[in-house]
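Peer 1: Compute the structure for the input listed below.
(one chain, ligands or ions: 1)
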Amino acid sequence: MTQSFDICVRGAGIVGQTLALLLAREKFRVALVGSSGPAVPSQQDVRAYALNAASHQLLLDLRAWPEGSAVTPMARMKVHGGQSHSGNPATQNPLGHLTFSASEINQSALAWMVKVPALEQQLSEAIRYQPGITRLEGEPAGAHSHHEPIHATLTVITEGRQSATRAELGVPFNSRPYPQTALAARLHASRPHQQTAHQWFFENQILALLPTGGPEGDTYALVWSAPHAPAAVLQTLGAEAFSAHLNQLLEKWAPGSGNPGGLSLTSDVMGWPLYFSQAVRWCGAALETQSPSSAWVLAGDAAHTVHPLAGQGLNLGLADAAALTRRLRDRPYWRSLADLKGLRAYERERKAGIWPMSWTTDGLQLLFELSPAPLQTARNWGLSAFDRSGPLKQWATKIAMGLT
Ligand SMILES: Cc1cc2nc3c(=O)[nH]c(=O)nc-3n(C[C@H](O)[C@H](O)[C@H](O)COP(=O)(O)OP(=O)(O)OC[C@H]3O[C@@H](n4cnc5c(N)ncnc54)[C@H](O)[C@@H]3O)c2cc1C
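Peer 2: Model (predicted):
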């Protein structure tokens, strides 16, 4: 017998699971379609996400926030600007520096680094204990979709960047690849990280060391965006060669006190191709073959993706989930969940919400990709000037933290 639901959430990644929890708490009958396993099925996901204050609060409220050493509050972030390719130290550009600090804006953390498997497990647990959610198995990501009809007034598509259902609906998805692969891995350091993250923008690469293992920890999550060819080579190096190469680079980029200490690789090195993308339409009426009084809407990476340099992709997706739940809950009682007016209001709200962050990260990426020396000098000067800018810097920090 076909079951019927108020809302079907298609795609059980972190955004889909969070949304299902939020909707069930508002007493909607929810179907969550997708396997309950991790998003990267064959290997453990080595990433740790930087989650902002808004995401932190959202997941705490849902009792889906991991505990213990899976979470590390980030107290400081040091950003280091690039150097010219010239081998002669006398002609090298001055380095730009920028330090963000939670205490400057009276917060306990700039962001929280959360290990991805711990977050996925915590969400699955929360879903198991939440009445009102029916889990249905879906196809693995990338498989051609051929689903059993599920009767729901509204279908929310949270299938990630390569969403098959979005493609089936014929929704145009503007997607521009970055000329970089993001490598992610886990590292052990010879010194405690002291809750400090580092990010270097050097020679068309962006390398981030993000503190993990708890406040006293001495491990980092690495996110290294490098051009495809060198990234592919780095993935084939063994642990020793990879660590040696990384330490050598950091000695060059961060001599002396700026250096986080000797690093050694403790995991696989996983790679992600990077895209700047956004769906043209985020909602619409269901296809004629489906129920005529139903509608679809997009959320998370199925609607938009950004460069991971500012660690904002999931934060934006979780903000989509919160905004959509609020719109559906607060709609006038005579309006159906499939009412396109309300869904369009959600689309407008979130397009405006992601605009500043997505264009800032895209612009930063482009700025640091440019190699002419005068531009590097200006850019490094700009970083240091921004560092001294007081209120402007505090305002930008609050935006990235999801506090405004
Ligand atoms: C290297 C790297 C580092 C990052 N770091 C950060 C960070 O620090 N902070 C941050 O906020 N963001 C970060 N991000 C971005 C973040 O990973 C994404 O924004 C986030 O995972 C999007 O979640 P999602 O649930 O929308 O999509 P996904 O994680 O892609 O999940 C989609 C789910 O849907 C399933 N699915 C797909 N098709 C179907 C189908 N047809 N039927 C059923 N199920 C289906 C998939 O199996 C998957 O489980 C990073 C990204 C990368 C690449």
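Peer 1: List, one by one, the residues from this protein near the ligand.
Peer 2: 10-16, 33-34, 39, 47, 49-50, 138-141, 145, 158-160, 163-165, 182, 184, 223, 272, 300-301, 308, 311-315, 317 (Cβ under 6 Å from any ligand atom). No exception for glycine: its C-beta is placed from N, CA and C like everyone else's.
Peer 1: residues near the residue of the stretch 101-250 of the chain found nearest the ligand, how many?
Peer 2: Nearest residue of the stretch 101-250 of the chain to the ligand (Cβ to the nearest ligand atom) works out as residue 160 at 2.4 Å. By other Cβ atoms under 10 Å, 21 other residues sit near residue 160.
Peer 1: Report how many residues lie close to the nearest residue to it once chain neighbours are set aside.
Peer 2: Spatial nearest neighbour of residue 160, excluding adjacent residues (Cβ to Cβ, 6 or more residues apart in numbering): residue 301 at 4.6 Å. Taking other Cβ under 10 Å as the criterion, the count of residues near residue 301 is 25.
Peer 1: now do residue 127
Peer 2: 21.
Peer 1: Kindly report the same for residue 121.
Peer 2: 15.
Peer 1: before we move on, what about the one 4 residues further on?
Peer 2: Neighbours of residue 125 under the rule other Cβ under 10 Å: 13.
Peer 1: For it, what is the enclosing helix or strand?
Peer 2: helix 116-128 (DSSP states H and E).
Peer 1: Could you do residue 268 as well?
Peer 2: Counting by DSSP H and E, residue 268 is found in no helix or strand.
Peer 1: ok, back up a step: quick check: the residue nearest to residue 160 vs residue 205, distance?
Peer 2: Residue 301 sits 24 Å away from residue 205, going by Cβ to Cβ, to the nearest Å.
Peer 1: same thing with residue 63?
Peer 2: 39 Å.
Peer 1: for residue 329, same thing?
Peer 2: On the measure of Cβ to Cβ, residue 329 and residue 205 end up 44 Å apart.
Peer 1: Next, count neighbours for the closest residue to residue 159 other than its chain neighbours.
Peer 2: Nearest residue to residue 159, sequence neighbours excluded (Cβ to Cβ, 6+ apart): residue 11, at 3.6 Å. Residues near residue 11, counting by other Cβ under 10 Å, number 27.
Peer 1: can you start the count at 20 instead of 1 from here on
Peer 2: Let's use 20 as the start, then, which means that last one is residue 30.
Peer 1: Phi and psi next, for residue 30.
Peer 2: phi 110, psi 110 (degrees, to the nearest 10).
Peer 1: was I right about it contacting residue 181?
Peer 2: No: if you go by Cβ atoms under 8 Å, residue 30 and residue 181 don't touch, sitting 10.4 Å apart.
Peer 1: What values do phi and psi take at residue 350?
Peer 2: phi -70, psi 150.
Peer 1: ignore the last one, residue 286
Peer 2: Taking degrees, to the nearest 10 as the convention, residue 286 sits at phi -150, psi 180.
Peer 1: quick one: contacts for it?
Peer 2: 65, 204-205 (Cβ atoms under 8 Å, 6 or more residues apart in numbering).
Peer 1: distance of it from residue 219?
Peer 2: In terms of Cβ to Cβ, residue 286 sits 20 Å off from residue 219.
Peer 1: Then residue 328?
Peer 2: 11 Å.
Peer 1: list residues touching both of the two?
Peer 2: Taking Cβ under 8 Å, 6+ apart as the contact rule, residue 328 and residue 219 both touch 225, 227.
Peer 1: ok so, going back, tell me the least confident of the contacts of residue 286?
Peer 2: Minimum pLDDT for these is recorded at residue 65 (95).
Peer 1: so after the helix or strand where residue 184 lies, what's the next helix or strand?
Peer 2: Using DSSP H and E, residue 184 sits within helix 183-187. The helix or strand immediately downstream of helix 183-187 is strand 192-208, counting by DSSP H and E.
Peer 1: what packs against that following strand?
Peer 2: strand 224-231, strand 238-246, helix 247-255, helix 258-272, strand 282-284, strand 289-298 (3 or more Cβ pairs under 8 Å, 6 or more residues apart in numbering; DSSP states H and E).
Peer 1: what's the shortest one packed up against?
Peer 2: Packing partners of strand 282-284 (3+ Cβ pairs under 8 Å, 6+ apart): strand 192-208, helix 258-272.
Peer 1: got those as JSON lines, with mean neighbour count columns?
Peer 2: Shown next, in JSON lines, are the helices and strands packed on strand 282-284 (neighbours: other Cβ atoms under 10 Å):
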{"stretch": "strand 192-208", "mean neighbour count": "18"}
{"stretch": "helix 258-272", "mean neighbour count": "15"}
